[in-house]
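Enquirer: would you be able to build a 3D model of this:
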Amino acid sequence: MFDLNKFLELREERVELQKNLLNQFNYPLIAVRTNYPGEDKLEPLATKIADIAATEMKNYFREKILYEKVLENLEGKIYLFVIKEKAETIKEFTVTFEEDHILGRCLDIDVYSTDGTSLSRSMFGYPKRKCMICDDLAFVCGRSMKHSHQEIKNVILQKYISYNDYLTKKNEIVKKIGDLALNSMIYEVATAPSFGLVSPLTQGSHEDMDFFTFLKSSFAIKEGFERMAEVAYSYLPLEKAFLLSRKIGIEMEINMFKATENVNTHKGMIFLLGIVVVTATRTLYEGKNFDDIQPLIKDMCKDILKDFENIKDKKELTHGERLYINYGFTGVRGEVKAGLDVVFNGSLKILEDSLNKSYDFNLAFVQTLIFLMGKVMDSTIVHRHDIHMLHRIKREAEAFFENGGIYKEDGIKIARDMENAYIKEKISPGGSADLLAITIFLYFFKKLFFI
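Expert: Presented below is the predicted three-dimensional model:
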């Protein structure tokens, strides 16, 4: 039998615990629970939904969670988190969760500032919550008992079923995206001849890495691309997904350096392919078309060049920042801000046409690489040499491509001769290599999901 006095006593104890935690940590606190009708708040469906929401909170806030506690009693299953973040930022996220997550309407997520104040939606310009069954305000339906407990439970159950259907589809897509990312990286490094890049046949212009270094690195960072896809295939606004993916990218770099014993094989790839993975996955989540990927990239990365602001005041500059100061060179950031136009309106068609001409992957990849070398402002070449060397390589690649490239009668011989010459001069078109991998990824992504 339901004990109302005990219920009220437990609620007072929780309120007191929350006050103590706020005083102890001096950071905001959130309380997460299922908005479940009836006296039994510990029904399996209610607790499962609370568990899902808590996992989402942990995935989003991750290292910012200072304290976590789980309560299970007459109030239901309640998760308490102390988070090292501004209360307003936390509230903004929880409102997004409640509005856009499939299970959001089934949950109550209260945010408390350090003085114990509960932040309301109206404080941030959000309307009061609607009923999960009709369009009336939730508190109005609750007071008037407009809907029976069983009606509400049925709706919650349907949302839970929908969530599990979504989760099954999401997991399938995430795995496929991870496989595509891994394949594109391996296909790129397997391409030969490759004009000073590492391939199965040569270390190219690199003394500290070989084909197997790239294999180890590719497998080490594959999981990170899957995590980026998980973030993108979700209720999160695109800009939030992008910020989270950049944090994942930092962790991927650590894993890369561990796998390669501190050799930089894929730092640029993590950045570039990460952007493409996030935007491509988002088109699947939103039910958009392949052609919508490029506008998403432009939108998501519209402020990407702000990374260069105030760099003259920095004591330690990255390779890209030095090039920007010396040459006004935006490199891959400039390519991204333009929505990777060199890929979507260039190399992707070259690859498609090449494979239609001859279904020889290696020849098609080499031809695409030649095209990119003639178009891309490759920061790797500038870093190893100077801007004049870049212009020379672009002229040579463009002339070779215009004369037929690898498909020219003696194209393979010319390519090998160019490769040998570039290796002697320590030339390595690393930026073009990254964009080749992006082109390969998008080619197979399009075939898998849109054809």
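Enquirer: got the contact list for the helix or strand containing Met252?
Expert: Met252 is part of helix 238-260 when elements are defined by DSSP states H and E. With contact meaning CB atoms under 8 Å, 6 or more residues apart in numbering, helix 238-260 is reached by 60, 62, 93, 96, 209, 213, 216-217, 219-221, 223-225, 227-228, 231-232, 234, 236, 263-267, 270-271, 274-275, 277-279, 282, 296, 299-301. Any C-beta I mention is one placed from the backbone N, CA and C, and that applies to glycine too.
Enquirer: again, only this time at 6 Å
Expert: Residues outside helix 238-260 that contact it (CB atoms under 6 Å, 6 or more residues apart in numbering): 213, 216-217, 220-221, 224, 227-228, 231-232, 266-267, 270, 274, 278, 300.
Enquirer: which residues of the stretch 301-450 of the chain fall in helices?
Expert: 319-327, 331-337, 341-342, 348-357, 361-373, 379-384, 387-402, 411-424, 430-450 (DSSP state H, counting those that start in this stretch).
Enquirer: and those, which is most packed in?
Expert: helix 361-373 (a mean of 25; mean count of other CB atoms under 10 Å).
Enquirer: next, the angle from that helix to helix 430-450.
Expert: In terms of direction (axes from the mean of the first three to the mean of the last three CA atoms, to 10 degrees), helix 361-373 departs from helix 430-450 by 120 degrees.
Enquirer: name the residues that touch helix 361-373?
Expert: With CB under 6 Å, 6+ apart, helix 361-373 has contacts from 191, 347, 350-351, 354-355, 397, 400-401, 405-406, 429, 432, 435-436, 439.
Enquirer: one more time with 7 Å
Expert: Contacts to helix 361-373, defined as CB atoms under 7 Å, 6 or more residues apart in numbering, come from residues 187, 191-195, 342, 346-347, 350-351, 354-355, 393-394, 397, 400-401, 405-407, 415, 429, 432, 435-436, 439-440.
Enquirer: now that helix, how far from the chain's geometric center?
Expert: A distance of 27 Å separates the centroid of the chain from that of helix 361-373, by CA atoms, centre = their mean, to the nearest Å.
Enquirer: same check, this time on stretch 414-434
Expert: So, by CA atoms, centre = their mean, the centroid of stretch 414-434 is 31 Å from its chain's centroid.
Enquirer: ends of it, how far apart?
Expert: 23 Å (CA to CA, to the nearest Å).
Enquirer: show me what the helix or strand of the chain with the lowest mean pLDDT is packed against.
Expert: Lowest by mean pLDDT, DSSP states H and E among the helices and strands of the chain is helix 319-327, with a mean of 73. If contacts are counted by 3 or more CB pairs under 7 Å, 6 or more residues apart in numbering; DSSP states H and E, helix 319-327 sits against helix 331-337, helix 379-384.
Enquirer: reformat these as JSON lines; add mean pLDDT and distance to Asn35.
Expert: Output for those, formatted as JSON lines (pLDDT from 0 to 100; distance: least, CB to CB, whole Å):
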{"stretch": "helix 331-337", "mean pLDDT": "87", "distance to Asn35": "41"}
{"stretch": "helix 379-384", "mean pLDDT": "89", "distance to Asn35": "52"}
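Enquirer: with distance to Ser122 added, can I get the ones you listed in CSV?
Expert: Output for those, formatted as CSV (distance: least, CB to CB, whole Å):
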stretch, distance to Ser122
helix 331-337, 38
helix 379-384, 49
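Enquirer: longest helix in the chain, by residue count?
Expert: Looking across the chain with DSSP state H, the single longest helix is helix 149-190.
Enquirer: now the helix or strand just after that one against helix 430-450, angle please.
Expert: Counting by DSSP H and E, the next helix or strand C-terminal to helix 149-190 is helix 211-232. Taking the same axes, to 10 degrees, helix 211-232 and helix 430-450 form an angle of 50 degrees between their directions.
Enquirer: and helix 211-232, what does it pack against?
Expert: Counting by 3+ CB pairs under 7 Å, 6+ apart, helix 211-232 packs on helix 149-190, helix 238-260, helix 267-285.
Enquirer: compute the inter-axis angle for the longest one and helix 430-450.
Expert: Yep, that's helix 149-190 we're talking about. Using the same axes, to 10 degrees, helix 149-190 lies at 140 degrees relative to helix 430-450.
Enquirer: tell me where the model's unsure across the chain.
Expert: 307, 313, 319-320 (pLDDT under 70).
Enquirer: domains in it, as residue ranges please.
Expert: Using automatic domain parsing, the domain parsing of the chain gives 4-147, 168-450.
Enquirer: from Lys222, how far off is Phe365?
Expert: Distance of Phe365 to Lys222, given as CB to CB, to the nearest Å: 20 Å.
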